[in-house]
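S.K.: I would like the atomic coordinates for the input below:
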Amino acid sequence: MEKEPILTLRGICKYFPGVRALQDVDFTLRRGEIHALMGENGAGKSTLIKVLTGVYVKDAGEVHIEGHEGTVNIHSPQDAQNLGISTVYQEISLCPNLTVAENMFIGREKSPVTNWAKMNKRAGEMLKALDIPASPTMQLGSCSIAIQQMVAIARAVDMDCKVLILDEPTSSLDEQEVEKLFKLMRDLREKGVGIIFVTHFLDQVYEVCDRITVLRDGGLVGEYVIEDLPRVELVSKMLGKELDDMAEIKSKESDEEEEAKGDIVLEAKGLSSSEGIKPFDFNIRAGEVNGFTGLLGSGRSECVRAIFGADRVTSGTVSVDGKPVKIKKPIDAMKAGIGYLPEDRKRDGIVSDLSVRENIILALQVMKGFFKPFSRAKAEAFADEYIKLLEIKTASSDTPIGQLSGGNQQKVILARWLLTNPKYLILDEPTRGIDIGTKIEIQKMALELAKEGKSVTFISSEIDEMLRTCSRLIVMRDRKVVGELTGSDLTQGKIMSTIAGGDNK
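M.R.: Residues are numbered from 1 along each chain as shown. Now for the predicted structure:
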């Protein structure tokens, strides 16, 4: 029997200057279901969520919610909260220096809590009811990211929540933490809460969701029961084109697998860093895509940060094109022809207050020197070239980069480094938190750069992505290299067995 709708959106429209963000979008959430909201970056997911939570006011359409006659108006986050709509964002907006209980009740004007004992008692009851392994008196900052996410959810649910929106809640979690979060989501589903789940992980959608709504270019593609929509069809609907199960980006055709690469471009010997990386050897050839792989915290990112000079090197040598170089800071690496797209684009990549144009020319301007600025015409020419080349979706090059979707921000950072024409480009988690279409574009770009003779190191937490792009993998465990895989050894099983027990290197 079909469950009753708890939330219904009809004909939702939202416009910005020069951009149609949403056009006649319908969405139905039923009581006690987990409903995935899917689409590429720029498809309209974030805009729809912001309309629903009162961050944006819709330009047209109707919102109906259980228990209220007729259409409801949502002009602020407080309006949404009063209607029983709560949101937990990817970046947790809680206070790590306060206790779990304090975070659950801070700013709650209607809270029944009148003293510390009652607050801790009520928090303990909620944590127990939701099976969250935390104590009310623990400092939130001492909890794992997964527990912090759960505390944020507990806070949301305790505010008479009918609709819970989870916006990319799993992007920073490991597999065990994801399972804990999914258990909590299933428990809430059983209690009748309607959950809107926004994620880029297809496996997670098919593991925990009941229905899927797909958006593309600000419009509705359709709503589907999970069992009726195979994964390949979902990808096709999101991209608006047929996709042969992503087979076309396979990098290692059998007849090309044994082809010799070019000369060694960069070689590191005995390199170690202040971040606990044990001495390791590394090299990469012209025309090669290789990668570092391993579990979360294994040292993948720290290895390339040492190569780029982003972390302090404590031992070892580096040579470029056979000549020794000293890389003590990133500018040394840049001058040696090395580019680096960092793991955390928000913290280390974009400068959110600067425009798309200013972000694109940033690295080249640093190499030239800030006392020798590019002319406005030259900067605009650079920006326009790469906006077109990478198909960056932006109203103009003057748009602040912070207003772009995650995938387009990533493209801007790629443009920044491509503009410097590096001989060696490091891509650390270049596809994290972005849509499938942009993921494929970035994977293809890495392979195209290699065909042009450049060297690329590609790091991803998704093993299948590494297997599609890399011809050689350096395997990490506990911040040391434990193996190197090529050719027929490049399989998921071999990678996992090497991580688990390979200590041969």
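
S.K.: ok, the closest residue to Ser93 other than its chain neighbours - how many residues close by?
M.R.: Spatial nearest neighbour of Ser93, excluding adjacent residues (C-beta to C-beta, 6 or more residues apart in numbering): Ala152 at 7.6 Å. (C-beta placed from N, C-alpha, C; glycine too.) A count of nearby residues for Ala152, using other C-beta atoms under 10 Å, gives 22.

S.K.: Give me the buried stretch members for the helix or strand that Ala152 is a member of, please.
M.R.: Under DSSP states H and E, the secondary-structure element containing Ala152 is helix 145-157. Using 16 or more other C-beta atoms under 10 Å as the burial criterion, the residues of helix 145-157 that qualify are Ala146, Ile147, Gln148, Gln149, Met150, Val151, Ala152, Ile153, Ala154, Arg155, Ala156, Val157.

S.K.: go on, stretch 209-216?
M.R.: By neighbour count, and taking 16+ other C-beta under 10 Å as the criterion, the buried residues in stretch 209-216 are Cys209, Asp210, Arg211, Ile212, Thr213, Val214, Leu215, Arg216.

S.K.: ok so, going back, list the helices and strands the helix holding Ala152 packs on?
M.R.: If you count contacts as 3 or more C-beta pairs under 8 Å, 6 or more residues apart in numbering; DSSP states H and E, helix 145-157 packs onto strand 85-88, helix 100-105, helix 116-129, strand 163-167, helix 175-190.

S.K.: next one: the second one to chain centre, how far?
M.R.: In other words, helix 100-105. 27 Å (C-alpha atoms, centre = their mean, to the nearest Å).

S.K.: Alpha carbons of that helix, as CSV, please.
M.R.: The C-alpha trace of helix 100-105 is given here as CSV (Å, rounded to 0.1, in the frame of the first residue of the first chain):
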residue,chain,number,x,y,z
VAL,A,100,26.9,16.7,23.2
ALA,A,101,23.9,17.7,25.3
GLU,A,102,24.7,21.4,25.0
ASN,A,103,24.9,21.1,21.2
MET,A,104,21.5,19.3,21.2
PHE,A,105,19.7,22.0,23.0
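
S.K.: right, and Ser355 touches Gly402 too?
M.R.: No - contact status for Ser355 versus Gly402: not in contact, 9.9 Å apart, counting by C-beta atoms under 8 Å.

S.K.: who has more neighbours, the two?
M.R.: Neighbour tally, Ser355 and Gly402, criterion other C-beta under 10 Å: the higher count belongs to Ser355, 21 against 14.

S.K.: Leaving out chain neighbours, which residue sits closest to that one?
M.R.: Nearest non-adjacent residue to Ser355, counting by C-beta to C-beta, 6+ apart: Asp398, 5.0 Å away.

S.K.: And Phe280, by the same measure?
M.R.: Val481 (4.5 Å).

S.K.: do Leu83 as well
M.R.: Here the nearest residue to Leu83 in space, its sequence neighbours aside, is Ile65; by C-beta to C-beta, 6+ apart that works out to 5.4 Å.

S.K.: May I have the phi/psi pair for that neighbour?
M.R.: In this entry, Ile65 is assigned phi and psi values of phi -140, psi 140 (degrees, to the nearest 10).

S.K.: tally of neighbours for it?
M.R.: For Ile65, the count of nearby residues is 22 (other C-beta under 10 Å).

S.K.: Against Leu29, how distant is it?
M.R.: In this structure, Ile65 lies at 9 Å from Leu29, with C-beta to C-beta, to the nearest Å as the measure.

S.K.: what do the two both touch?
M.R.: When contacts are counted by C-beta atoms under 8 Å, 6 or more residues apart in numbering, the set common to Ile65 and Leu29 consists of Ile6, Leu7, Thr8, Val163.

S.K.: hang on, the third one packs against His64?
M.R.: Yes - taking contact to mean C-beta under 8 Å, the distance of 4.3 Å between Thr8 and His64 places them in contact.

S.K.: if we can go back for a sec, quick one, the helix holding Ala152 and helix 116-129 angle?
M.R.: Here the directions of helix 145-157 and helix 116-129 differ by 110 degrees (axes from the mean of the first three to the mean of the last three C-alpha atoms, to 10 degrees).

S.K.: Tell me the gap between helix 145-157 and the middle of its chain.
M.R.: Mean C-alpha position of helix 145-157 versus that of the full chain (C-alpha atoms, centre = their mean) differs by 19 Å.

S.K.: element containing Glu62, please.
M.R.: If you go by DSSP H and E, Glu62 is part of strand 60-65.

S.K.: Dump that strand to CSV, restricted to CA.
M.R.: Coordinates of the C-alpha atoms in strand 60-65 are reproduced here as CSV (Å, rounded to 0.1, in the frame of the first residue of the first chain):
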residue,chain,number,x,y,z
ALA,A,60,6.5,30.2,-8.3
GLY,A,61,4.9,26.9,-7.2
GLU,A,62,3.3,25.4,-4.2
VAL,A,63,4.5,23.6,-1.0
HIS,A,64,2.1,21.3,0.9
ILE,A,65,3.1,19.6,4.2
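
S.K.: now for it, which elements pack on it?
M.R.: Packed next to strand 60-65, using 3+ C-beta pairs under 8 Å, 6+ apart, are strand 5-16.

S.K.: what about the strands in the stretch 251-400 of the chain?
M.R.: 264-273, 280-285, 289-293, 313-320, 323-325, 338-341 (DSSP state E, counting those that start in this stretch).

S.K.: quick one: contacts of the third one?
M.R.: What that stands for is strand 289-293. By C-beta under 8 Å, 6+ apart, the list of residues contacting strand 289-293 from outside reads 251, 284, 299-300, 303-304, 446-447, 450, 456-460, 463, 466, 469-476, 495, 499.

S.K.: just the buried members of those?
M.R.: Burial of the contacts of strand 289-293 was assessed by neighbour count (16+ other C-beta under 10 Å); the buried members are 251, 284, 299-300, 303-304, 446-447, 450, 456-460, 466, 469-476, 495, 499.

S.K.: coming back round to it: and the buried residues of stretch 209-216, which is closest to Lys191?
M.R.: Out of the buried residues of stretch 209-216, the one with the shortest distance to Lys191 is Asp210. That distance is 14.9 Å, counting by C-beta to C-beta.

S.K.: Was I right to think the closest one contacts His35?
M.R.: Yes - the pair formed by Asp210 and His35 meets the contact definition of C-beta under 8 Å, at 6.6 Å.

S.K.: Could you list the low-pLDDT ranges of the stretch 201-350 of the chain?
M.R.: Low-confidence regions of the stretch 201-350 of the chain, defined here as pLDDT under 70, cover residues 241-261, 296.

S.K.: sorry, back to before: quick check: the farthest pair among the buried residues of stretch 209-216?
M.R.: Among the buried residues of stretch 209-216, the pair separated by the greatest distance (C-beta to C-beta) is Asp210 and Arg216, at 21.2 Å.

S.K.: would you list every one of the helices in the stretch 201-350 of the chain?
M.R.: All helices of the stretch 201-350 of the chain, identified by DSSP state H, counting those that start in this stretch, fall at 202-208, 231-239, 300-308, 330-335.

S.K.: thought the residue nearest to Phe280 was touching Val475?
M.R.: Yes - Val481 is within contact range of Val475, at 7.0 Å (criterion: C-beta under 8 Å).

S.K.: How many residues are close by Arg477?
M.R.: A count of neighbours around Arg477, defined by other C-beta under 10 Å, yields 19.

S.K.: now do Val63
M.R.: Tallying neighbours of Val63 according to other C-beta under 10 Å, which is how burial is gauged here, yields 21.

S.K.: Equivalent analysis for the one 3 residues further on, please.
M.R.: Here the neighbour count serves as a burial measure; for Glu66 (other C-beta under 10 Å) it reads 17.

S.K.: can you check Lys372 too?
M.R.: One way to gauge burial is a neighbour count; for Lys372, by other C-beta under 10 Å, it gives 7.
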